[in-house]
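A.B. asks: Whatever this is, show me its structure:
(2 chains, ligands or ions: 2)
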Protein chains: 2
Amino acid sequence: MNGAKLQVKATSHEYPIIIECGCHKQVFKKINEYVDMKPSAYFIITDELVSHHYLTAVKASFPNTIPLYTYVITPGEQSKSFCSYEEVMTAALQNKLDRKSMIIALGGGVVGDLAGFVAATYMRGVPFVQIPTTLLAHDSSVGGKVGINHELGKNMVGAFHAPSLVLYDPECLLTLPEKEWRSGFAEVIKHGFIADPSFLNWLEGNISSFSNWDMNILTKLLRDSIAVKARIVEEDEKEKGIRAFLNFGHTLGHAIEAELGYGNMSHGEAVVIGMLFAFKLSEEYYGNELNYDRYFSKLVNLGYDLNIPKTLTAERLLERMKVDKKAHSQSIHFVLLKEIGEPELVKINEKDLYDLLQREVSK
Amino acid sequence: MNGAKLQVKATSHEYPIIIECGCHKQVFKKINEYVDMKPSAYFIITDELVSHHYLTAVKASFPNTIPLYTYVITPGEQSKSFCSYEEVMTAALQNKLDRKSMIIALGGGVVGDLAGFVAATYMRGVPFVQIPTTLLAHDSSVGGKVGINHELGKNMVGAFHAPSLVLYDPECLLTLPEKEWRSGFAEVIKHGFIADPSFLNWLEGNISSFSNWDMNILTKLLRDSIAVKARIVEEDEKEKGIRAFLNFGHTLGHAIEAELGYGNMSHGEAVVIGMLFAFKLSEEYYGNELNYDRYFSKLVNLGYDLNIPKTLTAERLLERMKVDKKAHSQSIHFVLLKEIGEPELVKINEKDLYDLLQREVSK
Ligand SMILES: NC(=O)c1ccc[n+]([C@@H]2O[C@H](COP(=O)([O-])OP(=O)(O)OC[C@H]3O[C@@H](n4cnc5c(N)ncnc54)[C@H](O)[C@@H]3O)[C@@H](O)[C@H]2O)c1
Ligand SMILES: NC(=O)c1ccc[n+]([C@@H]2O[C@H](COP(=O)([O-])OP(=O)(O)OC[C@H]3O[C@@H](n4cnc5c(N)ncnc54)[C@H](O)[C@@H]3O)[C@@H](O)[C@H]2O)c1
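C.D. replies: Ligands and ions are numbered 1, 2, ... in the order given. Okay, here's the model as predicted:
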């Protein structure tokens, strides 16, 4: 498969996701082709590492006559802050962007979430395009969730603001460090776990390392994983129902990330631990047999650690989960699996949760 | 008229506006009556002056058993800042508000805009109720525009987030200082100018001062003025067309406010100068005769100053108007009147604008 196009319906508008090798060198052309407006100016937001690899090529895709501005943030989760948010707003105003200007997020989930939140709130909303450059961003760039962190919680401040276009160049992923592959691949498997067992089987047969990628394989992986996410967010954009399934592995995953301090373990690495925990909780809850060894032993080969870090305690993790924004009135909900591909949102008894956590932490 | 109810259709939902003497003492009851959800907690955001007059009564309307939190900001435009925004978010998180918590904006436009922006972006959006306590807030509390200022421009950061309910108690206005009546009344006349000549005539016959209010008169004034705004925002929530008419008087008004430094002249006082200027520009543009003396001489009796402050220059005002967020690609648009009640959005030649400004400034 050497290219793919998916279409996503959001409440506000429909947008295409283009997966195509080399497309980061054709950004201006692709925007013209797929977005039905003539922006007054373009404002690329990216981070230092991504800009080093790809900014020159992206900029070169624009004619000289077009007003084009750039803002480069420090890489990493710390940039999803109030401070960066205000700084990017300042740059946008200094460049005299108006309501018809377009924001372009060139980077991973951090750039996408921050730039998307700026786009959602600059002059009450301007259009934006996502150019994801990490594997994880196949998840974050689709679905319209944008936002920043607060020191009291991740992604606590944000909005729903669907992009006008997602432009994914699989070739841009080739410069990703191993750790970032691991982070993104967790969401890929998650999509298999919650919605697509046959994709899961295909992954088992085709992915045994994160190097020497065949571009056809990588393109198919992106397309099928994005398709799961796209289908779910189309059905439930504002997370009133099934979108919650995407949080499979995330309830504990987020708590682990937060307790370690953001950035110390990648999102996906924490989510894998969370998913394994959710498998165990599912087996306890439903009394079923999910055969998780089969999947998780493969994940160990890809370099994942499956244990909750020893420095964390069950008490603190539980407390974190209670302030998670998916909690309502401080009761804890978990996405569990009745079977592979059959998720369910379940309210979990605090005591049972604590007991299993306690066992896992002290293993 | 001793009470009124209007219904506004927003894209996301429909909401009622209740205008009723004494209703600030029945907030909990009214929310129950009109809002179709059971909030997990309530978070009142207000300012020091308003809280002094009304917070006790509003809080007393809630049963003791209900989780109810309060955050009090410093009065005035400076509170529509990134800094206050972050502080209110911190308080919301510390109080463990979740996605089903409700934010209540008790105050004028500053409280409404800030609290509304918090509601729009806390955990990607929670419901909120407006309890306007200024006359100006009859305008700002309806239509879903929320946001904060940036030092490079007013209301540059924000969102569209419709309230679940607007609860207006005319009696709360009786503690307003004269200056605040003047500020709000400018928007009342504006609504007459752009959409309702008969309301304008009624105002002429019934309002000759801002004291000794008859509650029936005040209720009718609020209802009719809100009705104009509600009708316009229903037709054009996202300001792609006729909502722009609400900016009558605001292009220059905003520039004056910004040049003087926010808070030095009230919004409405600046808008009145802006409206008079727009009348003059309209007469030049259409060659019509709008008889503005008739209206503006009455406004002088109500304490308005009709002259552009002497400290400002035509050059600086023009520059300001170019970065106004309603400008596209830095060309300047003005709402002009073909006739009273017949507004039109017109792109204005910069030279003509400068010339008229120059004449007005040096008068
Ligand atoms: N909005 C959503 O729906 C959603 C969903 C999941 C995750 N997220 C968010 O996504 C964020 C994580 O995303 P991420 O993992 O992409 O993080 P990231 O953007 O920080 O990227 C990870 C690292 O890889 C570097 N990098 C990016 N592209 C590269 C490339 N092509 N080559 C080399 N290095 C590259 C970055 O500079 C960074 O150091 C989190 O903040 C998370 O909350 C959002
Ligand atoms: N969102 C919108 O659509 C919209 C429309 C117009 C204006 N606005 C915004 O509204 C703001 C101005 O609103 P405002 O004039 O109500 O300002 P405000 O909220 O600052 O109130 C003005 C002053 O009156 C005091 N006050 C409020 N209620 C009182 C009462 N009942 N008794 C005594 N004092 C009282 C306040 O403490 C404040 O000092 C501006 O920031 C403007 O941008 C927004």
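A.B. asks: Please name the residues that touch the residue most central in space within chain A.
C.D. replies: Against the mean C-alpha coordinate of chain A, by CA atoms, centre = their mean, the closest residue is A:Ser140 at 2.9 Å. By CB atoms under 8 Å, 6 or more residues apart in numbering or on different chains, the residues touching A:Ser140 are A:108-109, A:112-113, A:132. For the C-beta atoms, the positions are set from N, CA and C on the backbone; glycine is no exception.
A.B. asks: those helices in chain A, which residues are they?
C.D. replies: Counting by DSSP state H, chain A has these helices, from start to end: A:27-34, A:48-50, A:56-60, A:82-94, A:109-121, A:137-140, A:178-195, A:197-206, A:215-235, A:250-260, A:267-286, A:292-301, A:314-323, A:350-361.
A.B. asks: follow-up on the earlier one: could you turn the buried ones of the contacts of A:Ser140 into a ChimeraX selection?
C.D. replies: Written as a ChimeraX command, the selection of buried residues from the contacts of A:Ser140, which uses 16 or more other CB atoms under 10 Å in any protein chain shown, is:
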select /A:108,109,112,113,132
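A.B. asks: Closest one of the contacts of A:Ser140 to B:Ser266?
C.D. replies: B:Ser266 has its nearest neighbour among the contacts of A:Ser140 in A:Asp113, at 37.9 Å by CB to CB.
A.B. asks: quick one: contacts for the closest one?
C.D. replies: Applying CB under 8 Å, 6+ apart to A:Asp113 gives the contacts A:80, A:140, A:145-148, A:155, A:158.
A.B. asks: Closest approach to ligand 1 from the stretch 151-300 of chain A, which residue is it?
C.D. replies: Closest to ligand 1 within the stretch 151-300 of chain A is A:Thr175: 3.6 Å, counting by CB to the nearest ligand atom.
A.B. asks: tell me the contacts of that residue?
C.D. replies: Listed by CB under 8 Å, 6+ apart, the contact partners of A:Thr175 are A:His53.
A.B. asks: any idea how far chain B is from it?
C.D. replies: A:Thr175 sits 32 Å away from chain B, taking CB to the nearest CB, to the nearest Å as the criterion.
A.B. asks: swap in A:Ile131?
C.D. replies: In this view, A:Ile131 and chain B are 23 Å apart by CB to the nearest CB.
A.B. asks: Bridging across strands, which residues link to that residue?
C.D. replies: Residues found in beta-bridge contact with A:Ile131 (criterion: DSSP bridges) are A:Leu106.
A.B. asks: quick one, phi/psi of the nearest residue to A:Lys38 once chain neighbours are set aside?
C.D. replies: Leaving aside its chain neighbours, A:Lys38 sits nearest to A:Lys100 (7.8 Å; criterion: CB to CB, 6 or more residues apart in numbering or on different chains). Backbone dihedrals for A:Lys100, given as degrees, to the nearest 10, come out at phi -100, psi 10.
A.B. asks: Provide the count of other residues in contact range of A:Lys100.
C.D. replies: As a burial measure, A:Lys100 scores 15 neighbours (other CB atoms under 10 Å in any protein chain shown).
A.B. asks: Same list (the contacts of A:Ser140) but as CSV, adding distance to ligand 1 and pLDDT.
C.D. replies: Conversion of the contacts of A:Ser140 to CSV gives the following (distance: CB to the nearest ligand atom, whole Å; pLDDT from 0 to 100):
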residue, distance to ligand 1, pLDDT
A:Gly108, 2, 98
A:Gly109, 2, 97
A:Gly112, 6, 98
A:Asp113, 5, 98
A:Pro132, 7, 98
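A.B. asks: nearest to A:Ala270, of the contacts of A:Ser140?
C.D. replies: A:Gly109 (13.6 Å).
A.B. asks: what's the nearest residue to the closest one if we skip its chain neighbours?
C.D. replies: When the adjacent residues along the chain are set aside, A:Gly109 lies closest to A:Ser140, with 3.6 Å between them (CB to CB, 6+ apart).
A.B. asks: Could you do A:Ala195 as well?
C.D. replies: Nearest in space to A:Ala195, with sequence neighbours left out and distances taken as CB to CB, 6+ apart, is A:Val228 at 4.6 Å.
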